[in-house]
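J.: The sequence isn't on hand, but the structure is:
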Ligand SMILES: Cc1cc2nc3c(=O)[nH]c(=O)nc-3n(C[C@H](O)[C@H](O)[C@H](O)COP(=O)(O)OP(=O)(O)OC[C@H]3O[C@@H](n4cnc5c(N)ncnc54)[C@H](O)[C@@H]3O)c2cc1C
């Protein structure tokens, strides 16, 4: 074979991470612009498969999204190499067979396990003279960041005219695998099943989980903006309604079958359509779309926190709260199993385990019950809940877990009462009955009064909610009022506080909702 034979020429790689899509994919676009042939590759990495945060929901998403990507490419002759090996070992394996010139991937903002992997990967590329280009796929910025100018940078990034076009068929044809080299290790699509990677889905999870693929993302966005989204404002607080009134885009954003920039652009286009209309229906749409758009800001705001503070997976943002006593760790398993004796908590935990989803309010609520009422260390619930969420996004999950636990220290402490949340959000016990079968035959009123008049054959809570929450609050404020804690809170606020809210960390005492 001559030296300039395509099989001998140095390779350009598109390393697929959490970006299983063709649309708005800067890494793919740049790789295709660079070379006549591009090797698209995904690694099922043993370290990530074994990580405490990983669950069958996540592995199923990778399998499904990859298969869909392969199916999208196939008519154009495009292919994806799928290897069951670590990224560094995988790159070395490819490099040995055929030299790699450049690698394109998106800039991942992940937990420690992927951050460590990326550092090792960077060392490997540097040592082997390979150029590794990481391109942002969302409005989160690396390096020193002027917090006061972040909003302007974000808006500039989100502009619809920054979205690269979907590569045309001629471009997609470039994504071919030199099969003489990689044939035997390339996993076929039939092998891409979560159980083959040690993460079988249970039958209920198979039944309820959301599909994750680029076509599913497009359909979900479309149905939200044109059919379901009118009830977004108001609907997303309800555990019953959020399944249809919420956008349900989080899985797609988390695994990159769609970008927040695409969603933002489509939402602005939809806003323009309803702008002039004056009907009640149009008003509801306008409210909902406005409120939805603000969530897309929050998304990157929280992911930015992790980008700036990689240690927050292990330490509270305000380290003063590392001293909070956590006498309730023994209740972790009971809470996780949905056996607390608080009907709404149990329904939430069991719903999350089966569907991989809960709305924001219920996620905040179960976190509060675990940390404030049962007094479990927030770090003990971090990975078990990461595994519950089919839309696990480390930046949001870690930030929100800390925030709801109260250990960021710049927001008001919110302690949720299980009985009040049940009365407010599931008065007819519809959600509870759906997920706690042993309560199906019980009258809603009796379920609401379980804390006063216990239902037989259903557990009573392991702690007195009021007493435990009061004790927690006392410990919390003992820390919060220390001058050192206040000084640390000011620092946290300067680094991470929203520039839209109050200018200073709140000093008021809590109210119990
Ligand atoms: C303890 C806790 C953990 C969470 N973990 C995750 C997680 O791992 N992944 C995740 O995507 N969301 C997480 N959230 C945020 C929120 O609960 C989900 O984004 C939302 O329920 C997903 O449903 P949706 O796509 O219908 O959301 P929508 O309400 O339609 O919102 C649209 C998108 O905006 C973003 N978003 C919405 N709410 C928030 C928020 N409060 N903070 C940051 N971004 C937001 C999400 O990307 C979401 O898909 C967590 C919240 C809490 C309290």
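T.: Nice, I can see it. Treat the numbers as computed from the prediction; the structure is a model and nothing was measured.
J.: Next one: residue 85 from the ligand, what distance?
T.: With distances taken as CB to the nearest ligand atom, to the nearest Å, residue 85 is found 27 Å from the ligand. (C-beta placed from N, C-alpha, C; glycine too.)
J.: Repeat that for residue 137.
T.: Residue 137 is 13 Å from the ligand, where distance means CB to the nearest ligand atom.
J.: ditto for residue 452
T.: Separation of residue 452 from the ligand (CB to the nearest ligand atom): 29 Å.
J.: Distance check, that residue against residue 368.
T.: Going from residue 452 to residue 368 by CB to CB, to the nearest Å gives 21 Å.
J.: The two: who's more crowded?
T.: Counted by other CB atoms under 10 Å, residue 452 and residue 368 do not tie: residue 368 has more neighbours, with 25 against 7.
J.: lowest confidence element among the helices and strands of the chain?
T.: Counting by mean pLDDT, DSSP states H and E, the weakest-scoring helix or strand in the chain turns out to be helix 179-182, with a mean of 80.
J.: which residues are in contact with the helix or strand following that one?
T.: Going down the chain from helix 179-182, the next helix or strand is helix 203-208, by DSSP states H and E. Outside helix 203-208, the residues within contact range by CB atoms under 8 Å, 6 or more residues apart in numbering are 56, 57, 60, 353, 354, 355, 356.
J.: Could I get the residues you listed in a markdown table, plus columns for pLDDT, secondary structure and distance to residue 164?
T.: Shown next, in a markdown table, are the contacts of helix 203-208 (pLDDT from 0 to 100; DSSP: H, G, I helix; E, B strand; the rest coil; distance: CB to CB, whole Å):
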| residue | pLDDT | secondary structure | distance to residue 164 |
| --- | --- | --- | --- |
| 56 | 98 | helix | 33 |
| 57 | 98 | helix | 29 |
| 60 | 98 | helix | 28 |
| 353 | 98 | helix | 38 |
| 354 | 98 | helix | 38 |
| 355 | 98 | helix | 34 |
| 356 | 98 | coil | 30 |
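J.: Make JSON lines from the residues you listed and add distance to residue 249 to it.
T.: Below are the contacts of helix 203-208 laid out as JSON lines (distance: CB to CB, whole Å):
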{"residue": "56", "distance to residue 249": "21"}
{"residue": "57", "distance to residue 249": "16"}
{"residue": "60", "distance to residue 249": "18"}
{"residue": "353", "distance to residue 249": "22"}
{"residue": "354", "distance to residue 249": "20"}
{"residue": "355", "distance to residue 249": "15"}
{"residue": "356", "distance to residue 249": "14"}
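J.: pLDDT value on the most centrally placed residue in the chain, please?
T.: Taking CA atoms, centre = their mean as the criterion, residue 393 is the residue nearest the geometric centre of the chain, at 2.3 Å. Residue 393 is assigned a predicted lDDT (pLDDT) of 98.
J.: Can you name the residues of this protein that neighbour the ligand?
T.: Residues of the chain lying near the ligand by CB under 6 Å from any ligand atom: 236, 246-250, 253-254, 292, 295-296, 298-299, 302, 359-360, 363-364, 367, 389, 391-393, 396-397, 400-401, 404.
J.: Quick check: the residue of the stretch 401-513 of the chain nearest the ligand.
T.: The ligand sits closest to residue 401 of the stretch 401-513 of the chain, with a gap of 4.7 Å, by CB to the nearest ligand atom.
J.: That residue belongs to a helix, doesn't it?
T.: Yes - under DSSP: H, G, I helix; E, B strand; the rest coil, residue 401 sits within a helix.
J.: So the closest residue in space to residue 173 that isn't next to it in sequence versus the ligand, what's the distance?
T.: What sits nearest to residue 173 in space, not counting adjacent residues and going by CB to CB, 6 or more residues apart in numbering, is residue 77, at 4.7 Å. Distance, residue 77 to the ligand, using CB to the nearest ligand atom: 34 Å.
J.: Got phi/psi on residue 77?
T.: The phi/psi pair for residue 77 (degrees, to the nearest 10) reads phi 80, psi 10.
J.: ok, it - contacts?
T.: With contacts defined as CB under 8 Å, 6+ apart, residue 77 is in contact with 172, 173, 176.
J.: Name the nearest residue to residue 154, sequence neighbours excluded.
T.: Spatial nearest neighbour of residue 154, chain neighbours left out: residue 139 (4.1 Å); criterion: CB to CB, 6+ apart.
J.: residues contacting the one you found?
T.: By CB under 8 Å, 6+ apart, residue 139 lies in contact with 153, 154, 157, 158, 260, 261, 300.
J.: Residue 448 now?
T.: The contact partners of residue 448, by CB under 8 Å, 6+ apart, come to 419, 422, 423, 427, 429.
J.: Quick one: which of these is the most crowded by neighbours?
T.: Highest neighbour count within these, by other CB under 10 Å: residue 422, with 24 neighbours.
J.: quick revisit: of the contacts of helix 203-208, which pair is most distant in space?
T.: Maximum pairwise distance among the contacts of helix 203-208 (CB to CB): 14.2 Å, between 60 and 353.
J.: Could you check which of these two is surrounded by more residues?
T.: Taking other CB under 10 Å, residue 60 and residue 353 do not tie; residue 60 has more neighbours (26 against 21).
J.: wait, doesn't the more buried one sit right on residue 197?
T.: No - using CB atoms under 8 Å as the test, residue 60 is too far from residue 197 to be in contact (9.6 Å).
J.: Need the residues touching each of these two.
T.: By CB under 8 Å, 6+ apart, no residue touches both residue 60 and residue 197.
J.: Spit out the contact partners of the residue nearest to the centre of the chain.
T.: 250, 253, 254, 299, 303.
J.: Could you do residue 377 as well?
T.: Residues counted as contacts of residue 377 (CB under 8 Å, 6+ apart) are 326, 329, 371.
J.: Phi, psi for the second one please.
T.: Its backbone dihedrals place residue 329 at phi -60, psi -30, with angles given as degrees, to the nearest 10.
J.: OK, contacts around it?
T.: Counting by CB under 8 Å, 6+ apart, residue 329 has contacts 376, 377, 380.
J.: Please report how far it lies from residue 335.
T.: Going from residue 329 to residue 335 by CB to CB gives 10 Å.
J.: Need the residues touching each of these two.
T.: Both residue 329 and residue 335 are contacted by residue 376, under the criterion CB under 8 Å, 6+ apart.
J.: ranges for the strands of the protein?
T.: Assignment of strands within the chain using DSSP state E yields the ranges 11-15, 38-43, 81-83, 100-106, 131-135.
J.: Tabulate those strands (CSV), appending mean neighbour count and distance to residue 275.
T.: CSV is the format used below for the strands of the chain (neighbours: other CB atoms under 10 Å; distance: least, CB to CB, whole Å):
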stretch, mean neighbour count, distance to residue 275
strand 11-15, 24, 39
strand 38-43, 24, 40
strand 81-83, 23, 45
strand 100-106, 22, 33
strand 131-135, 17, 33
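J.: need these in a markdown table with mean pLDDT, can you?
T.: Output for these, formatted as a markdown table (pLDDT from 0 to 100):
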| stretch | mean pLDDT |
| --- | --- |
| strand 11-15 | 97 |
| strand 38-43 | 98 |
| strand 81-83 | 97 |
| strand 100-106 | 97 |
| strand 131-135 | 98 |
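J.: gap between the closest residue to residue 497 other than its chain neighbours and residue 106?
T.: In this structure, residue 497 finds its nearest non-sequential neighbour in residue 410, 5.6 Å apart by CB to CB, 6+ apart. Residue 410 sits 30 Å away from residue 106, going by CB to CB.
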